[in-house]
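Peer 1: here is my input; please provide its structure:
(2 chains)
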Amino acid sequence: MMFPIESLSDERRTLGLGVAVVVGIAFGFVLERSGFGRAQKLVGQFYGTDMTVFKVMFTAIVTAALGATILGAVGVLDLRAVSFNYPTYLWPMIAGGLMLGIGFVISGYCPGTSLVATASGKVDGLATVLGVVVGGLAYAELLPYLGTFNDSGKKGGLFLYDVLHLPPVAVAAAVGVLAVLAFKGAAKIEQMVNTRAQQPMDSNEA
Amino acid sequence: MGPSRLEGTGVENPMKRDPARFWNPYAGGIALGLVLLVTYLLMGKGLGASGASFRVGVAVTNAIAPLHVARTPGLAAVTAEGNPLDDWLVFEVVGVLIGGFLAAMTSGRLGRETLRGPTFGTAPRLALGFGGGLLMGAAAKMARGCTSGQALSGGALLSVGSWAFMLSVFAGGYAFAYVVRRQWR
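Peer 2: Residues are numbered from 1 along each chain as shown, chains lettered A, B, ... in the order given. From the prediction side, this is the model:
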């Protein structure tokens, strides 16, 4: 196991923080160039007019999943050590997901893309960032009143390959096959929605 | 909302700045996946966003009302580790801002504007931005991550909770899209 490089989070932490900035620059650059700094491009996903979010996100997931599971299988990456950071709390994750999806379609951004929008001068992106900051603080204030909900459905580290009793690489490959099929479906939906939209009211761009 | 990419005639000049032109989504996805993979390899964890926004909020609150932060467990947990801003995720988000700025500048998309439909006002659009952000800030704390830190980073590690979260995000978005459609008209 050569990776992850634990010293970057430990005795060489300063170097790790430098790595964080570099990785962040790449992350922000890719998001912006994929169109994720523009609200219309993002919410097009929820109106069926533009499936870019779905395509980018699932391609990224399949790429990283295949990479991580293959490197784990050949003993280069300690997959469990990385995965340990992603424990499952089923109920707050489902409720939080629904809530975040509603917030996404209302604001036009998700928390990460609102930062990219802000960096490119979008005032609505900045309004969203401020909302995310206040919303997080509000949740911390409300936490004592939520009882055990916040930790409900606690499963620890639970992964699709545990549930399916398959090697991690096989599950990553299966997700890849499903993604390719879904991309074909997404392209078809886009085409249907956009040809229908063009008939009554000319093209309203974005 | 910017010139249509259909307006260009003849062969497209690849060096021309065209605000309406984006990367091919699959190429963008592969690039994003590789950035995520490198982050796993180097740092032993994935990317994130909402956690950094939260830490900025805690830092501001701590400067104004340190006693209140100390009394609130959800906030005190962050300050107990030291300065809330001295964290990997905060540095990563500084990078995200730089990267987003550079990408927007070099693609002709940099500029102060409020994105909205042609018949929708600026003020209500900003209110929806803030309101949606409010929901997402709370939701990301509840779910222990947002679209970046949970759906993308945990999803690529095939975490069951991350996948439940991701499917719920799409479900919530589709369920509520009709209600707020007018802001884009």
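
Peer 1: tell me where the model's unsure across chain A.
Peer 2: A:199-206 (pLDDT under 70).

Peer 1: switch the cut-off to 80
Peer 2: Low-confidence segments of chain A, defined by pLDDT under 80, span residues A:1, A:197-206.

Peer 1: check contacts around the residue nearest the centre of chain B.
Peer 2: Ranked by distance to the mean C-alpha position of chain B (C-alpha atoms, centre = their mean), the top residue is B:A49 at 6.0 Å. With C-beta atoms under 8 Å, 6 or more residues apart in numbering or on different chains as the criterion, the residues that contact B:A49 are A:110-112, A:115, B:93, B:96, B:146-149. C-beta coordinates here come from the backbone N, C-alpha and C atoms, glycine included.

Peer 1: let's see 6 Å
Peer 2: The neighbours of B:A49, taking C-beta atoms under 6 Å, 6 or more residues apart in numbering or on different chains as the test, are A:111-112, B:146, B:148.

Peer 1: now, those that are in helices?
Peer 2: Using DSSP state H, the subset of these located in helices is A:111-112.

Peer 1: can you redo the contacts of B:A49 as a markdown table with neighbour count and distance to A:T195?
Peer 2: Output for those, formatted as a markdown table (neighbours: other C-beta atoms under 10 Å in any protein chain shown; distance: C-beta to C-beta, whole Å):
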| residue | neighbour count | distance to A:T195 |
| --- | --- | --- |
| A:P111 | 35 | 34 |
| A:G112 | 28 | 32 |
| B:C146 | 33 | 34 |
| B:S148 | 30 | 33 |
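
Peer 1: ok, so of the contacts of B:A49, who is nearest B:L42?
Peer 2: Nearest to B:L42, judged by C-beta to C-beta, of the contacts of B:A49 is B:S148 at 16.8 Å.

Peer 1: separation between that closest one and chain A?
Peer 2: 4 Å (C-beta to the nearest C-beta, to the nearest Å).

Peer 1: do B:N62 as well
Peer 2: Applying C-beta to the nearest C-beta, one obtains 11 Å for the distance of B:N62 from chain A.

Peer 1: re earlier: leaving out chain neighbours, which residue sits closest to the residue nearest to the centre of chain B?
Peer 2: Of all residues not flanking B:A49 in the chain, A:G112 sits nearest, at 3.3 Å (C-beta to C-beta, 6 or more residues apart in numbering or on different chains).

Peer 1: with just CA atoms, put the helix or strand where A:V82 lies into CSV.
Peer 2: Per DSSP states H and E: A:V82 is located in helix A:79-83. Only the C-alpha atoms of helix A:79-83 are listed here, as CSV (Å, rounded to 0.1, in the frame of the first residue of the first chain):
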residue,chain,number,x,y,z
LEU,A,79,-9.4,1.4,-0.2
ARG,A,80,-10.8,0.7,3.3
ALA,A,81,-8.7,3.6,4.8
VAL,A,82,-10.2,6.0,2.3
SER,A,83,-13.7,4.6,2.6
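
Peer 1: and chain B, is that helix touching that?
Peer 2: Yes - counting by C-beta under 6 Å from any C-beta of the partner chain, chain B is contacted by helix A:79-83 at A:81-83.

Peer 1: possible to save those as CSV with distance to B:A80?
Peer 2: What follows is the residues of helix A:79-83 next to chain B, written out as CSV (distance: C-beta to C-beta, whole Å):
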residue, distance to B:A80
A:A81, 24
A:V82, 25
A:S83, 26
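
Peer 1: against A:G112, how distant is the residue most central in space within chain A?
Peer 2: With distances taken as C-alpha atoms, centre = their mean, A:M57 lies nearest the centre of chain A, 6.6 Å away. Distance of A:M57 to A:G112, computed by C-beta to C-beta, to the nearest Å: 11 Å.

Peer 1: before we move on, what about A:D124?
Peer 2: Plainly put, A:D124 is 15 Å away from A:G112 if you go by C-beta to C-beta.

Peer 1: for A:G185, same thing?
Peer 2: Applying C-beta to C-beta, the value for A:G185 to A:G112 is 26 Å.

Peer 1: element containing B:S168?
Peer 2: Assigned by DSSP H and E, B:S168 falls in helix B:160-176.

Peer 1: who are the packing partners of that helix?
Peer 2: Taking 3 or more C-beta pairs under 6 Å, 6 or more residues apart in numbering or on different chains; DSSP states H and E as contact, the helices and strands that helix B:160-176 lies on are helix A:90-107, helix B:153-155.

Peer 1: one step back: in this structure the residue nearest to B:A49 contacts B:S148, no?
Peer 2: Yes - applying C-beta atoms under 6 Å as the test, A:G112 and B:S148 come out as touching, 4.1 Å apart.

Peer 1: and the helices in chain B?
Peer 2: B:25-43, B:50-64, B:66-71, B:73-79, B:88-107, B:122-143, B:153-155, B:160-176.

Peer 1: mean pLDDT, distance to A:E141 and mean neighbour count added to the ones you listed, as a markdown table?
Peer 2: Rendered in a markdown table, the data for the helices of chain B read as follows (pLDDT from 0 to 100; distance: least, C-beta to C-beta, whole Å; neighbours: other C-beta atoms under 10 Å in any protein chain shown):
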| stretch | mean pLDDT | distance to A:E141 | mean neighbour count |
| --- | --- | --- | --- |
| helix B:25-43 | 98 | 31 | 22 |
| helix B:50-64 | 97 | 10 | 21 |
| helix B:66-71 | 96 | 9 | 13 |
| helix B:73-79 | 96 | 7 | 17 |
| helix B:88-107 | 97 | 21 | 22 |
| helix B:122-143 | 98 | 10 | 24 |
| helix B:153-155 | 98 | 26 | 28 |
| helix B:160-176 | 98 | 23 | 23 |
